[in-house]
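Undergrad: below: sequence and its predicted model.
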Amino acid sequence: MIVRHPHRPDHHALLNIAVVGHTNTGKTSLIRTMLRSTEFGIIEDAAGTTRHVEQATIAADNEPILNLYDTPGLEDSRALFAHIKKLQAKSRLLLPAQILEHFVTHVAVNDPLEQEAKVIRQVLRSDILLYIIDVREPFLEKYRLELDVLTQSAKAIIPVFNFIAEHQPELAKWRQHLAVYHMHVTLEFDTVAFSFEAEKRLYQKIQTLVESHYTPLQKLIDYRATLWNQLCLSGAKRVTELIVNVACYRESKTTKNNLIADSLIENRLHDFVRKAEQHCLHDLLAIFNFSDKDVAIQKIPVSDGQWQLDIFAPGILKAYGLDVGSAAAKGAAAGAGIDLMVGGMSLGAASALGAIAGAGWSTFRRYGDEIKATVKGTKWQCADETTLQILYLRQKHLLKKLMHRGHAAQDTLHVDKADSEKLPDNWHKITSALRQNPVWQEASVARNNSPQFQEIEAKLVGSLLDER
């Protein structure tokens with residue numbers, strides 16, 4: 001549970017954490033990522049977006065644990081440092097933290113340092129400071145001056161390195177500079193490329209600095225870990241449901257050659273697969289708290305509820321490195337024609353009567369309609385192996401992207417190729433079993449209690465989560 005409201009300094013029992021730093025380093029982005037919400041604050045690629053202190057409370061199972069305070073950026077660290085130096089020269093008997101108190105108490109409205117005063121005021125009210133650093137920036141004088149002022153507060157400071165992807169040399173230089181300030185307890189927390197382990201390490205580092213809050217922080221760590229595992233499992237089960245839904249889907253067709261009828265059946269199959277993938281997409285976004293509105297803002301390639309990349313568009317098979325056989329030649333995975341399958345054995349019309357005679361009542365009750373349809377020469381059109389492979393690989397790729405996507409990310413999320421993903425072991429046996437059980441298309445007690453279905457579901461879910 002997360003509660004957001006304007007700044008209120010009345011939560012003395014909770015741990016208070018101020019998120020501070022220079023303008024445009026990702027302070028609001030960090031809080032969004034920790035809250036897993038795109039609704040907190042405003043993010044723009046411009047300095048000074050946050051003008052006031054904003055608060056968010058993080059809870060564990062409805063028990064508030066800590067307050068996060070998003071502060072305005074320190075825009076003029078040079079003027080702030082000079083002002084503090086003047087105050088120190090006038091009041092040599094005051095401690096550094098008392099000088100800062102004097103500063104925030106006497107700053108006038110519309111003072112040029114009013115924004116900096118808001119930051120320092122919240123710093124003095126907090127237990128921990130998270131100092132956000134954009135490692136892409138060199139260690140300029142303004143950062144040195146900021147650190148000089150912040151260390152005077154006598155508060156524990158954890159430098160948080162943001163935008164670390166592909167910037168390891170710059171990260172190493174920042175570590176060297178911070179060592180001069182005896183800041184060795186640092187954290188790599190990329191607000192765009194999310195990692196739950198980084199969030200967990202953040203809480204653990206805070207534990208080492210505020211022992212009095214160790215137990216509630218541990219409760220928060222355990223709660224967030226459980227919640228995160230549930231989210232990932234829900235996402236994997238939703239993708240599994242998509243594969244089951246599509247693999248079990250059938251369109252009946254006669255054996256007579258009728259190009260118009262066959263074309264209509266193929267179109268219905270394509271339409272079903274497209275819509276099934278669309279529904280899965282929206283459900284996955286909802287599971288990880290990315291709404292349709294967030295999709296538009298963050299420019300994920302989805303338009304009007306549909307993938308811009310059509311699963312049946314020409315060239316998709318080749319892009320996925322899959323078999324470019326007859327299905328690819330038609331520019332789409334057109335579906336596979338099947339007749340009745342029982343226990344892995346295909347029954348044609350010629351042998352159907354003999355099969356019926358030898359079948360027990362339970363077998364006939366399960367497959368009776370299909371046996372009668374087979375005798376009449378009816379067959380079924382279903383999604384072929386290539387279609388199912390593309391669906392699985394693309395959804396696995398999307399699931400992995402969402403599990404590692406921070407809620408501050410604004411780049412375009414591409415899910416066009418998934419050639420780095422792998423199919424589960426015994427993939428063909430899985431899809432064959434699903435086609436043999438069309439009644440599994442819809443969830444039911446009988447399906448969910450079936451040992452065979454449970455085994456298939458476990459294999460698909462396990463494969464989807466094996467590399468997270």
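TA: Nice, I can see it. Residues are numbered from 1 along each chain as shown.
Undergrad: burial measure for the residue nearest to residue 108 when sequence neighbours are not counted, as a count.
TA: Excluding the flanking residues, the one nearest residue 108 by Cβ to Cβ, 6 or more residues apart in numbering is residue 114, at 7.9 Å. Every C-beta, even on glycine, is put in place using the N, C-alpha and C of the backbone. Applying other Cβ atoms under 10 Å, we find 13 residues neighbouring residue 114.
Undergrad: ok, now residue 96?
TA: By other Cβ under 10 Å, 15 other residues sit near residue 96.
Undergrad: that one against residue 152, yeah?
TA: Yes: Residue 96 is in contact with residue 152 according to Cβ atoms under 8 Å; the separation is 3.6 Å.
Undergrad: residue 154: how many residues sit nearby?
TA: Residue 154 has 10 neighbours, counted by other Cβ under 10 Å.
Undergrad: ok, it to residue 142 distance?
TA: To residue 142, residue 154 is 22 Å away according to Cβ to Cβ, to the nearest Å.
Undergrad: buried residues of the longest helix along the chain, list them for me.
TA: Selection of the longest helix in the chain by residue count, based on DSSP state H, yields helix 214-248. In terms of neighbour count (16 or more other Cβ atoms under 10 Å), helix 214-248 has its buried residues at 216-217, 220-221, 223-224, 228, 231-232, 235-236, 238-248.
Undergrad: then stretch 124-142?
TA: Buried residues in stretch 124-142, counting neighbours by 16+ other Cβ under 10 Å, are found at 124-135, 139, 142.
Undergrad: just the strands in this protein please.
TA: In the chain, the strands defined using DSSP state E lie at 2-6, 15-20, 54-60, 63-70, 128-134, 156-162, 187-188, 251-254, 302-303, 306-307, 336-338, 341-342, 345-346, 378-382.
Undergrad: may I have the longest one exported as PDB, CA atoms only?
TA: Just to be clear, that refers to strand 63-70. Output of strand 63-70 as PDB, limited to C-alpha atoms (Å, rounded to 0.1, in the frame of the first residue of the first chain):
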ATOM      1  CA  GLU A  63       1.800  -1.000   7.900                       C
ATOM      2  CA  PRO A  64       3.500   2.300   7.100                       C
ATOM      3  CA  ILE A  65       7.300   1.800   7.200                       C
ATOM      4  CA  LEU A  66       9.000   4.900   5.800                       C
ATOM      5  CA  ASN A  67       8.400   8.300   4.200                       C
ATOM      6  CA  LEU A  68      10.100   9.300   1.000                       C
ATOM      7  CA  TYR A  69      10.500  13.100   0.300                       C
ATOM      8  CA  ASP A  70      11.100  14.300  -3.200                       C
END
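Undergrad: picking up where we left off before, quick check, the residue nearest to residue 108 in contact with residue 103.
TA: No: contact criterion Cβ under 8 Å: residue 114 and residue 103 do not qualify, at 11.4 Å.
Undergrad: residue contacts, residue 96?
TA: Applying Cβ atoms under 8 Å, 6 or more residues apart in numbering to residue 96 gives the contacts 88, 152, 153, 154.
Undergrad: quick one: residue 127 and residue 17 touch, right?
TA: Yes: counting by Cβ under 8 Å, residue 17 is a contact partner of residue 127 at 6.8 Å.
Undergrad: can you pull the pLDDT of the nearest residue to residue 101 once chain neighbours are set aside?
TA: Once flanking residues are discounted, residue 101 sits nearest to residue 124: 6.3 Å by Cβ to Cβ, 6+ apart. Residue 124 carries a pLDDT value of 96.
Undergrad: then the one 5 residues further on?
TA: According to the per-residue confidence, residue 129 scores 96 in pLDDT.
Undergrad: against residue 268, how distant is it?
TA: Counting by Cβ to Cβ, the gap from residue 129 to residue 268 is 60 Å.
Undergrad: over to residue 212?
TA: Distance, residue 212 to residue 268, by Cβ to Cβ: 64 Å.
Undergrad: I figured the residue nearest to residue 101 hits residue 98, correct?
TA: No: assessed by Cβ under 8 Å, residue 124 is found out of contact with residue 98, at 10.0 Å.
Undergrad: got the contact list for residue 210?
TA: By Cβ under 8 Å, 6+ apart, the contact list for residue 210 reads 15, 127, 128, 156, 217.
Undergrad: what are the bridge partners for the third one, then?
TA: What it means is residue 128. When bridges are called by DSSP bridges, residue 128 pairs up with residue 17, residue 156.
Undergrad: isn't it right up against residue 205?
TA: No: applying Cβ under 8 Å, one finds residue 128 not in contact with residue 205, separated by 9.3 Å.
Undergrad: any common contacting residues for these two?
TA: Joint contacts of residue 128 and residue 205 (Cβ under 8 Å, 6+ apart) are residue 158.
Undergrad: circling back: tabulate the buried residues of stretch 124-142 (a markdown table), appending distance to residue 197.
TA: Putting the buried residues of stretch 124-142 into a markdown table (distance: Cβ to Cβ, whole Å) gives the following:
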| residue | distance to residue 197 |
| --- | --- |
| 124 | 32 |
| 125 | 30 |
| 126 | 25 |
| 127 | 24 |
| 128 | 20 |
| 129 | 22 |
| 130 | 17 |
| 131 | 21 |
| 132 | 19 |
| 133 | 19 |
| 134 | 21 |
| 135 | 19 |
| 139 | 27 |
| 142 | 31 |
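Undergrad: nearest to residue 53 among these?
TA: residue 125 (9.4 Å; Cβ to Cβ).
Undergrad: domains for this structure, by residue range?
TA: Split into domains by automatic domain parsing, the chain comes to 2-209, 236-339+377-465.
Undergrad: looking at the ones you listed, which one has the lowest mean pLDDT?
TA: Least confidently modelled of the domains of the chain is domain 236-339+377-465, at a mean of 74 by mean pLDDT.
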